[in-house]
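Enquirer: Predicted model, plus sequence, below.
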Amino acid sequence: MSISPANKPMISLAMGEPKHPTPAIILEAFKDNLSGLSNYPLTKGSDELRIAIGDWLTRRFNLPTNSINPATHILPVNGTREALFAFAQSLINQNKKNPSVLMPNPFYQIYEGAALLAGAQPIYLPCTAENNFIPDFDAVSSKTWDDCQLIYLCSPGNPTGAVIKEDQIKQLLDLAEKHDFIIASDECYSEIYFDEENPPIGLLEVAAKTGNTNFKRCVVFHSLSKRSNAPGLRSGFVAGDADILEQFLLYRTYHGCAMSPPVQAASIAAWNDEAHVLDNRNQYREKFSAVLKILSPIINVQKPDAGFYLWADIGMDDEVFTREIFKQENLNVVPGSYLSREVDGVNPGRNRIRMALVAELDECIEATNRIANFLK
Ligand SMILES: Cc1ncc(COP(=O)(O)O)c(C=O)c1O
C-alpha cells in the first residue's frame, strides 16, 4: 500500500473500474466450462448466449415479443470498448465526402480514436449544465447531419451521468432517417440507476415504440463490466439493425475476436440473473447518499440521473485541483478537461472533475472527507 505523498493510503476515484466482488454464479459458470477451451468459438457466439441476451434485452427494454431475433439482431463482443472502436472501422465509408462521426463532449475517449482511425472527422457536441448534459440536436447544422455517417450516444453518460429523454431519442431517429446515418448508443451504464421504477430508457425501446421494430439504423452496446462487476471477463454485446450487424460480423470474422467459451458460459449466467444487479445498485445508492451528504454543502455537485460518476464543478482549474489533492491527500480523480475537447474556445470539462464511486463505502467516505479537508 502506498503511503506517499501524504502519509495516507492512496485512494483512487479515477478509473471507472467496478470494485464490488464478481458474483459467485459468474465465477462458477466460468470454472464449470473450462473444457470449452478445447474448441474454437464462433465469432457470432453460441445460440444459447444470443438467446439469453435477446431475452434480457426484451425484458429490460419492454421490446415487443419476438422483435429480437437472436440469430440476426445480436452479436457478443469482448467488452464494449473493442466493439465501440471496431464498429467505426467496419462502417465508415471514406469514399463519401467529409466522413464525420458525431459524439458528446465530454465523452468516453474511445469514440474519438475510433473516428480518427476510421478516417473520419470527430465532431464534438457540447454537453453542459445548460443542456442538462445531453447534446442539443437542434444546434447541429443540416450540412453536418449530411456529412454524419455515425453518431455515438452515451446514456447514462460517462462522465456526466445524464440520461437522454425519450423525445430526444425520437428526434435523433427522425434525423437519422432524413440524413441517413447510424446511431451507436453506448448503454453500458444502463443498469446502475437509483429509482427501481424508472430505469434509463434505451435506443431500441424508443425505436420499437415509434414502429421501427427492425431497429433500422440503430445499434446498442451493453456490457457486463459495470452491470455485473466483471470488467475482467471482457463480455458485452451489440444489438440492433440486422443489416449493420451482418456487416459488422463479417468484419469481426477477419478481426478474429470471438468470445472464449468459458466467458460465454459465465455471460449466460450473468444475463440470466438480476438479483446480483439489484444488490449492486443498492451498494451504489448507499455510497451516493453518504458521499453527497458530505460534498453537497461544500462543492457544486448533483446526484446524476444514473451511473456511478460524480461530475463536480469545483470552481477552480481542474488540473491544478487534481494535482494538488493528489499531493496533499493522496487522492486520485480525473480532471474534467482531459475528458473533453475545446471547441470555439470552450472546454465543457474545465473546472470539473470526475469521481468514480467504485471503491467500497468506507473508502468513498474517506475520499470525500479528504476533499472536504483539502478545500478547507
Ligand atoms: C462509456 C463507456 N463505454 C464503454 C466502456 C467500456 O467498457 P467495457 O469494455 O468493459 O464493456 C466504458 C468503460 O469504462 C465506458 O465508460
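Expert: Noted; the coordinates are in hand.
Enquirer: What is the subsequent helix or strand relative to the top helix by length along the chain?
Expert: Secondary structure assigned by DSSP state H gives helix 275-295 as the longest helix of the chain. Sequence-wise, the next helix or strand downstream of helix 275-295 (DSSP states H and E) is strand 309-313.
Enquirer: Return the set of buried residues in the next helix or strand after that following strand.
Expert: The C-terminal neighbour of strand 309-313 among helices and strands, as given by DSSP H and E, is helix 318-329. Buried residues in helix 318-329, counted by 16 or more other C-beta atoms under 10 Å: 318, 321, 322, 325, 326, 329. For glycine as for every other residue, the C-beta is placed from the backbone atoms N, C-alpha and C.
Enquirer: Around residue 48, how many other residues sit close by?
Expert: Residue 48: 13 surrounding residues under other C-beta atoms under 10 Å.
Enquirer: cool, and residue 195?
Expert: When neighbours are counted by other C-beta under 10 Å, residue 195 comes out with 11.
Enquirer: same deal with residue 293?
Expert: 11.
Enquirer: likewise residue 245?
Expert: 20.
Enquirer: what's the helix or strand it falls within packed up against?
Expert: Element membership of residue 245, judged by DSSP H and E, is helix 242-255. Using 3 or more C-beta pairs under 8 Å, 6 or more residues apart in numbering; DSSP states H and E, the elements in contact with helix 242-255 are strand 74-77, helix 80-91, strand 218-223, strand 236-240.
Enquirer: does the ligand sit close to the shortest one?
Expert: No - judged by C-beta under 6 Å from any ligand atom, strand 74-77 makes no contact with the ligand; its nearest approach is 8.0 Å.
Enquirer: Identify all contacting residues around that strand.
Expert: 43-45, 49-50, 53-54, 57, 68, 83, 221, 235-239, 245, 248-249, 252, 257, 259, 264, 267 (C-beta atoms under 8 Å, 6 or more residues apart in numbering).
Enquirer: same question, the longest one
Expert: Helix 80-91 has contacts (C-beta under 8 Å, 6+ apart) with 77, 101, 108, 110-111, 113-115, 117-118, 120, 149-150, 152, 182, 184, 186, 188, 219, 221-223, 225, 234, 236, 238, 244, 247-248, 250-252, 255, 257.
Enquirer: mind redoing it with 7 Å?
Expert: The contact list for helix 80-91, computed with C-beta atoms under 7 Å, 6 or more residues apart in numbering, reads 77, 101, 110-111, 113-115, 117-118, 120, 149-150, 182, 184, 186, 188, 221, 223, 236, 238, 247-248, 251-252, 255, 257.
Enquirer: What subset of these is buried?
Expert: Buried among these by 16+ other C-beta under 10 Å: 77, 101, 110-111, 114-115, 118, 120, 149-150, 182, 184, 186, 188, 221, 223, 236, 238, 248, 251-252, 257.
Enquirer: If I look at the residue minimising distance to the centre of the chain, what pLDDT would I see?
Expert: Geometric centre of the chain, nearest residue: residue 188, 3.8 Å, by C-alpha atoms, centre = their mean. Residue 188 carries a pLDDT value of 98.
Enquirer: For residue 215, list the residues it contacts.
Expert: 73, 204, 207, 240, 241.
Enquirer: I meant to write residue 133 there.
Expert: Applying C-beta under 7 Å, 6+ apart, the residues near residue 133 are 127, 157, 160, 162.
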